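Peer 1: Sharing a model prediction with you, sequence too.
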Amino acid sequence: MTETYAALKLQVENWRWAGVPFYVRSGKRLPRRDTQISIQFRRPPLLLFEQAGVEGIDPNRLDILVQPEEAICITMKAKRPGSAIELSEVKLDFSYRSIGGLPPSTGYERLLYDAMIGDATLFHRADIVEASWRIATPVLDLWATLPARDFPNYPAGTWGPQAGADLLARDGRRWVNPG
């Protein structure tokens, strides 16, 4: 009954991010150790291919891969050349692996090296850590006082319990599972 997985929907309360949901998922024993930021753009109000029978197009997405491989990828739908209305998923991507260089190091290797040479670039400031705990502490406190009625456990090697997928499905979204 140890907390090993969390899926959250967060809101930032300011004018710039009003109405923009932020989804965070973290867990142990997932199929892959991965840190990534996926930004899903809004769907356009006008669907250009509706007359051709294309009822819905997935929104464009920007993926920023942080660990284990650093990369940036934009995923979008594009019409295939020709008279038929056929859409294909297209990826525009950049990866440090594609330009060579050193093999990727783990986050800990890089963090320890930076600590040894006195580079604080990758270290969080105290105010950021305190802000993170202001978000996490109420969740942890609630879990400690209210035992889960239907504990949403998940088997090792999966992307988490169905409840995590349901969180996004309620908003008409889905997780981007890497790999």
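Peer 2: Arrived safely, thanks for sending.

Peer 1: what residues does the helix or strand of the chain with the lowest mean pLDDT touch?
Peer 2: Within the chain, no helix or strand scores below helix 107-117, which has a mean of 83 by mean pLDDT, DSSP states H and E. Contact partners of helix 107-117, identified using CB atoms under 8 Å, 6 or more residues apart in numbering, comprise 35, 67, 105, 120, 121, 122, 123. In this view, the C-beta of every residue, glycine as well, is placed from N, C-alpha and C.

Peer 1: can you tell me the distance between the two ends of stretch 141-154?
Peer 2: 22 Å (CA to CA, to the nearest Å).

Peer 1: any low-confidence regions in the chain?
Peer 2: 1, 44-56, 101-107, 179 (pLDDT under 70).

Peer 1: in it, which spans are helices?
Peer 2: All helices of the chain, identified by DSSP state H, fall at 107-117, 126-145, 162-169.

Peer 1: So which elements touch the last one?
Peer 2: In this case it means helix 162-169. strand 5-11, strand 21-27 (3 or more CB pairs under 8 Å, 6 or more residues apart in numbering; DSSP states H and E).

Peer 1: now the ones you listed in CSV, with mean neighbour count and distance to residue 139?
Peer 2: What follows is these, written out as CSV (neighbours: other CB atoms under 10 Å; distance: least, CB to CB, whole Å):
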stretch, mean neighbour count, distance to residue 139
strand 5-11, 15, 7
strand 21-27, 14, 11
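
Peer 1: Take those and lay them out in JSON lines including distance to residue 114.
Peer 2: Shown next, in JSON lines, are the helices and strands packed on helix 162-169 (distance: least, CB to CB, whole Å):
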{"stretch": "strand 5-11", "distance to residue 114": "27"}
{"stretch": "strand 21-27", "distance to residue 114": "23"}
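
Peer 1: can you tell which of the helices of the chain is closest to residue 61?
Peer 2: Among these, helix 162-169 comes nearest to residue 61, with 13.4 Å by CB to CB.

Peer 1: Can you name the residues in contact with that closest one?
Peer 2: 5, 7, 8, 9, 23, 25, 152, 154, 159, 174, 175.

Peer 1: Please save the CA atoms from that helix in CSV.
Peer 2: What follows is helix 162-169, C-alpha atoms only, in CSV (Å, rounded to 0.1, in the frame of the first residue of the first chain):
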residue,chain,number,x,y,z
GLN,A,162,-7.0,2.2,-15.5
ALA,A,163,-7.9,5.1,-13.2
GLY,A,164,-4.9,7.0,-14.6
ALA,A,165,-6.2,6.6,-18.1
ASP,A,166,-9.7,7.4,-17.0
LEU,A,167,-8.5,10.8,-15.6
LEU,A,168,-7.6,12.0,-19.1
ALA,A,169,-10.4,10.2,-20.9
